Structures are given as structure tokens and as C-alpha cells.
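J.: what would the 3D arrangement of this be:
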Amino acid sequence: MAHIRDKILAHFKADALTGVAFKDHARRKRIIGRLSNMEEITINEIAESLNISVPKATELLNELAEEGFVVEKGKRADGPGRKATFYGLAPDVCYFLGVEIRKYKINLGLMGFDKSMYKASYDIPFFSEDDHESLAEIVKQIRLFIEAAGLPVERIVGMGVSISGRINVNTGEILTIYHFSDAPVKKTLEEAFGMPVYLDNDSRSLAYGEFHFGARTTESEVLILNLDYGMALGIFVNGRPVFGASGYAGELGHIPLFDNEKICFCGKKGCMETEASGRALIEWITGQMNDGSNSILARVLAKKGIIELEDVVDAVKKGDNLAISAIGNAAGKIGRGLAVTINLLNPQLIILSGSLSEVGESLLLPVKTSLIQHSLTLVNSDTRVVLSNLYEKAGLLGSCLLVRDKITGLV
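T.: Below you'll find the predicted structure:
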């Protein structure tokens with residue numbers, strides 16, 4: 001039944017189109033884009049937003065409805081004495097699979113065409129030292145998830161994979177892990193599931209979820225900081241994600257901001273990640289405990305053999321002094337790094353997201369203080385800084401939506 005998937009995907013391709021057909025294809029894509037942002041729209045509103053006639057808007061909308069991408073949502077008043085039909089995206093014409101690979105777990109989700117989450121599964125345990133074994137485990141978990149979802153497999157038309165590290169979005173190569181010479185991850189997954197696969201950096205996927213589902217209101221110039229074991233920015237300019245030439249834009253964690261001898265994960269010295277990331281936070285806490293500081297995290301370390309960021313967040317919420325001091329110390333350095341971005345990009349909004357954002361005001365307040373201290377007042381007065389309201393859901397939402405928008409040509 002793969003022909004159903006191929007037929008759906010063919011609707012979004014314009015390679016062989018010319019003239020009026022190409023122009024109408026672009027208009028249909030714009031209608032889908034408008035409905036993605038507005039959820040419902042009338043024919044008159046479509047005509048006005050696309051600057052086309054009402055008959056032409058009716059024709060294009062009818063085509064999308066016949067293909068199953070648009071459905072009637074009801075009627076509403078549209079002037080004296082009449083009601084207009086309004087339309088929205090169909091939820092079930094096709095689905096998009098999101099795969100978020102975290103350090104010790106994976107999250108999986110299926111999103112409908114209308115951006116509604118059909119099914120999601122969080123915190124699936126996942127840990128392996130061997131890349132080939134762990135990739136095989138990922139494939140296994142995806143198969144189990146699809147089977148449990150109970151959807152027609154042929155209607156799942158694309159997969160978006162979110163993972164940390166440096167990823168070339170043009171080639172689908174991961175240059176840090178799962179970098180196999182014989183079969184790159186993208187090729188392996190496409191062969192296993194028979195659908196297009198798009199890989200992207202975890203911070204940009206998370207940022208995409210935050211931008212479209214999170215704390216943003218009307219801002220279009222937005223930075224989203226992913227505070228996890230590493231750290232990186234998702235950048236939106238005029239409402240569009242910034243990828244860079246090969247997809248590496250936003251590597252805030254590798255700005256050489258500190259004069260230290262700590263070797264970063266990237267192999268350089270003095271990167272922000274060596275002082276302000278979740279990995280550095282855990283190293284600092286562990287060092288302090290080794291020097292005699294008391295913390296409830298000592299019991300966690302003794303029991304599990306490792307300290308995870310979730311443990312640090314829990315310790316802060318329980319009032320652990322060492323964990324709170326660690327967050328305050330890291331937050332000051334995070335603010336210093338963000339001051340660089342404010343001076344460079346002058347954003348309207350910064351969202352603090354990722355695992356560490358769940359500590360709340362203990363992070364937000366010292367970040368803001370440091371920002372004021374290190375950035376130009378003339379510039380930082382334009383920037384609102386907030387905490388994520390999505391927490392662990394942002395990355396998976398972004399993975400699903402980003403692959404949907406890449407396949408439909410919206411991004």
C-alpha cells in the first residue's frame with residue numbers, strides 16, 4: 001500500500017510543474033501555510049490574503065478538499081444576514097512521525113496534518129555504548145510504537161529525527177555519533193520504514209516546537225535556548241528558522257567565552273559548554289561533593305552510579321543548597337553568553353527551554369540579572385526573557401512539525 005504514501009507525497013512536489021500549474025501549486029501551499037497558523041479560514045479570507053479572486057480561491061480550496069487535505073469546519077457570520085463556511089486542515093489525511101533521541105531515552109510521536117498530536121510516548125529507556133546496537137534499538141522501538149498506534153502505515157508519510165550534535169541538514173549526516181561509513185542513519189531509517197527521513201539538531205527541533213506551540217505570542221524575532229547536557233540556540237528571524245549554510249547555525253555552546261583549560265566535547269578549549277551546560281553543571285556538583293559538600297544528590301549518585309539533569313532539577317525543587325548554588329553559578333554564565341546574542345541579533349523574545357528550564361525562577365532570575373549586566377541597555381530593553389511552558393514536550397512537537405513543514409514545503 002506504499003502507493004498511497006507516494007500519492008500523498010506527490011501532492012507536495014512541484015518539480016515537473018510549469019506555468020499556471022506551478023502557480024496554483026504555490027497558492028495551495030500558501031493556503032496550507034495560512035491554515036497552519038490560523039486553524040480556520042473562509043474563502044473570502046483566502047482570496048484577500050493571497051490577493052486572488054473569490055472564484056479562484058474557491059477552486060483552489062475545492063481541490064484541496066477533494067484531495068483530503070482540507071475539511072469544512074462549520075459556518076460563522078460573515079456580514080449582515082449571511083453565514084460563511086470556514087475551513088481547516090484535515091487531521092487524518094496523513095501523519096508525520098517524530099523521533100527525539102535523548103541521552104538516556106527516546107520520545108516518539110505521531111502528528112496529524114492539522115498539527116494535532118495523535119499519539120506520543122515519552123521516556124522510553126534507551127542506553128547503549130555501541131552505535132550499531134543503539135540504532136537497531138531505535139528501529140525496534142519505532143516499529144513497536146507504529147504498531148501500537150494502530151494507524152494505516154501507508155499514511156505515515158515522513159519521519160523527523162531530532163538528535164544532539166552537528167548535523168548536516170543537506171546530506172542528513174550526523175558528524176558526531178551514528179556516523180557510519182557503510183550506511184548513514186538517514187539511509188538506514190529510510191530503508192527500514194520506506195518513507196522520507198529528515199534529520200535535524202535537537203536544539204532546532206526543540207526551538208521549532210517552542211516557536212509554534214510555546215510561550216511566544218506575536219514575536220517573530222525569537223531565540224530559543226536549549227539547556228540540556230549541551231547547549232545551543234534555535235534562531236528565528238522574521239518568523240523563519242535559521243539553518244545556516246549546512247545546518248550548523250546556533251552553536252552558542254561553542255563560543256569561546258571563557259579563559260580556561262577545560263577541553264570541550266568539540267575538542268576546543270574555553271567553550272561556553274565547559275562552564276554553563278548541563279554536563280558542566282553535573283561535573284561541578286560532583287566535584288563539590290568530592291570536596292566534602294553535602295547534597296541529596298550524593299545518595300542519587302551512590303544508588304544509580306550517575307547523576308542526570310532530572311536529578312538536579314528535582315534537587316533544586318526540594319531546596320538542596322548545592323544544587324541551587326550550581327544553578328545560580330551556571331545561570332550567570334548563561335546570561336553572559338546570551339548577552340552576546342542580544343547585542344548581535346536584538347531579538348524580541350528569548351525562551352529558556354530544555355531540561356534545566358524546569359527549575360523555574362532559580363534559573364530565570366540570575367539569567368536576567370547577568371543579561372542586564374553584560375549587554376547593552378539600549379538593546380536588552382527590547383528583549384523579553386521567559387521560561388518554556390512546554391518542558392519535555394517541545395522537542396517532540398518540533399520533530400513532528402518540522403518534518404511536516406519540510407515535506408509540505410513550508411520551511
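J.: can you pull the alpha-carbon coordinates of stretch 19-36 into CSV?
T.: Coordinates of each C-alpha in stretch 19-36 appear next as CSV, following Å, rounded to 0.1, in the frame of the first residue of the first chain:
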residue,chain,number,x,y,z
GLY,A,19,3.1,27.9,-15.8
VAL,A,20,-0.3,28.1,-14.3
ALA,A,21,0.0,24.6,-12.7
PHE,A,22,3.2,25.7,-10.8
LYS,A,23,1.5,29.0,-9.7
ASP,A,24,-1.6,27.2,-8.4
HIS,A,25,0.6,24.7,-6.6
ALA,A,26,2.4,27.6,-4.8
ARG,A,27,-1.0,29.1,-3.9
ARG,A,28,-2.3,25.8,-2.5
LYS,A,29,0.9,25.6,-0.4
ARG,A,30,0.2,29.2,0.9
ILE,A,31,-3.3,28.2,1.8
ILE,A,32,-1.9,25.3,3.8
GLY,A,33,0.5,27.7,5.5
ARG,A,34,-2.3,30.1,6.4
LEU,A,35,-4.4,27.3,7.8
SER,A,36,-1.4,26.1,9.8
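J.: list the contacts of that stretch.
T.: With CB atoms under 8 Å, 6 or more residues apart in numbering as the test, stretch 19-36 has contacts from 12, 14, 17, 41, 46, 49-50, 52, 60-61, 63-64, 69-70, 87-89, 115, 405, 408-410. No exception for glycine: its C-beta is placed from N, CA and C like everyone else's.
J.: strands - which of those residues land there?
T.: Among those, DSSP state E puts Ile41, Val70, Tyr87, Gly88, Leu89 in strands.
J.: tally of neighbours for Cys12?
T.: If you look again at residue 12, you'll see it is Phe, not Cys. A count of nearby residues for Phe12, using other CB atoms under 10 Å, gives 19.
J.: what segments of the stretch 51-200 of the chain are helices?
T.: 54-66, 131-149, 185-193 (DSSP state H, counting those that start in this stretch).
J.: so the longest one versus helix 185-193, what angle?
T.: So that's helix 131-149. 40 degrees (axes from the mean of the first three to the mean of the last three CA atoms, to 10 degrees).
J.: so how far is helix 131-149 off the chain centroid?
T.: Counting by CA atoms, centre = their mean, to the nearest Å, helix 131-149 is centred 21 Å from the centre of its parent chain.
J.: tell me the average confidence for it?
T.: Averaged across helix 131-149, the pLDDT comes to 90.
J.: which secondary structure elements does that helix contact?
T.: Under the contact criterion of 3 or more CB pairs under 8 Å, 6 or more residues apart in numbering; DSSP states H and E, helix 131-149 touches strand 95-101, strand 105-112, strand 117-125, helix 185-193.
J.: Lys262 - nearest residue in space that isn't next to it in sequence?
T.: In space, not counting the residues next to it along the chain, Lys262 is nearest to Thr274; the distance is 3.9 Å by CB to CB, 6 or more residues apart in numbering.
J.: quick one, strands of the stretch 201-350 of the chain?
T.: Counting by DSSP state E, counting those that start in this stretch, the stretch 201-350 of the chain has these strands, from start to end: 222-227, 231-237, 240-241, 349-353.
J.: neighbours around the residue nearest to Lys262, how many?
T.: For Thr274, using other CB under 10 Å, the count is 25.
J.: I'd say it and Asn260 touch.
T.: Yes - the criterion here is CB atoms under 8 Å, and Thr274 meets it with Asn260 at 6.3 Å.
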